[in-house]
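# task: produce atomic coordinates for the following.
(one chain, ligands or ions: 1)
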Amino acid sequence: MDKIETIAFDADDTLWINENYFQEAEKQFCELLDTYLPAYQVSALLLKTEIKNLPLYGYGVKGFVLCMIETSHAITGPYTDKNIVSRIIEIGHSLLQQPVVLLDGVLETLKALQGRYNLIVATKGDLLDQQRKLRNSSLEEYFSHVEIMSDKTTNDYRKLLTQQKCLPQHFLMLGNSLKSDVLPVLELGGFAAHIPYEITWAHEEHTEINNKHNFLKINKIENILNHLL
Ligand SMILES: [Mg+2]
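The predicted structure is shown next:
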């Protein structure tokens, strides 16, 4: 870790709260359809629709809204109640206006690392929504670059590193998703630190990894400082 030059931070559920808002939105969606199907079945159908549409819509609120509309249509048949669609649109608008709540330790960690490392953000999600969250987070000044990615595959990270003129062995990624923030970076030969969040979207779930020399698991974001400074 003594060769790290660039540190990339995932944003959602790493810098600020996100998944809680999506789970609340999903709960409201399930309530909307509770006369048709029990909540767990609505949730399962929604997840299936989301995974099917990821290659078309990518990640973020807009795709989520379209998936809720598609799922409601599949559940209620061809004559979906107009009120259901209006409510889904409201749920989506509300998601796009949620406050940005920083996670504990984020500000202190960025302050400690600023000036010593090249700090960047590497996040998935809707372009405008992620830009809004970053602006409202008051964290922009800490980052030299913000990459809003359509996906986080090994190839996506390879392009990011080329653009940053950074070799994998000088790169550290921090994030809450093993699947998106850790595994592809390890595969490239970079360093990755996993900071689990209290809840994980079902599609991002992944079994634990052990015994990799370039992998760290930390409970709190500020613990990364023990390994760097
Ligand atoms: Mg995340």
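# neighbours of P78, how many?
By other CB atoms under 10 Å, 5 other residues sit near P78. Glycine gets a C-beta too; all of them are placed from N, C-alpha and C.
# pretty sure it is in a strand, no?
No. With DSSP: H, G, I helix; E, B strand; the rest coil as the criterion, P78 is coil rather than part of a strand.
# how about it, phi and psi?
With angles defined as degrees, to the nearest 10, P78 sits at phi -70, psi -20.
# next one: it, what pLDDT does it get?
With respect to pLDDT, P78 scores 77.
# got it, and the one 10 residues further on?
Looking at I88, its pLDDT is 97.
# again with N211
Per-residue confidence (pLDDT) for N211: 68.
# cool, L229 as well?
73.
# looking at it, it is touching A112, isn't it?
Yes. Between L229 and A112 there is a contact under CB atoms under 8 Å: 6.7 Å.
# who has more neighbours, the two?
Higher neighbour count among L229 and A112: A112, with 15 against 9, using other CB under 10 Å.
# enumerate every residue touching the more buried one.
Going by CB atoms under 8 Å, 6 or more residues apart in numbering, A112 touches 222, 225, 229.
# 6 Å instead, please
L225 (CB atoms under 6 Å, 6 or more residues apart in numbering).
# after the helix or strand hosting it, heading C-terminal, what element do we hit next?
For A112, the host element (DSSP states H and E) is helix 106-113. Later in the chain than helix 106-113, the nearest helix or strand by DSSP H and E is strand 118-124.
# helices and strands around that following strand, which ones?
Packing partners of strand 118-124 (3 or more CB pairs under 6 Å, 6 or more residues apart in numbering; DSSP states H and E): strand 6-9, strand 145-149.
# spell out which parts of the protein neighbour the ion.
10, 12-13, 176 (CB under 5 Å from the ion).
# quick one: mean pLDDT over the helix or strand hosting L54.
Secondary structure assigned from DSSP H and E places L54 in helix 39-57. Helix 39-57 comes out with an average pLDDT of 97.
# buried residues in it?
Residues of helix 39-57 classed as buried: 42-43, 45-47, 49-50, 57 (neighbour count, 16 or more other CB atoms under 10 Å).
# next, count neighbours for the closest residue to G125 other than its chain neighbours.
Nearest non-adjacent residue to G125, counting by CB to CB, 6 or more residues apart in numbering: G60, 4.2 Å away. Here the count is done by other CB under 10 Å, and G60 has 21 residues near it.
# assumed A193 was part of a helix.
No. With three-state DSSP as the criterion, A193 is located in strand rather than a helix.
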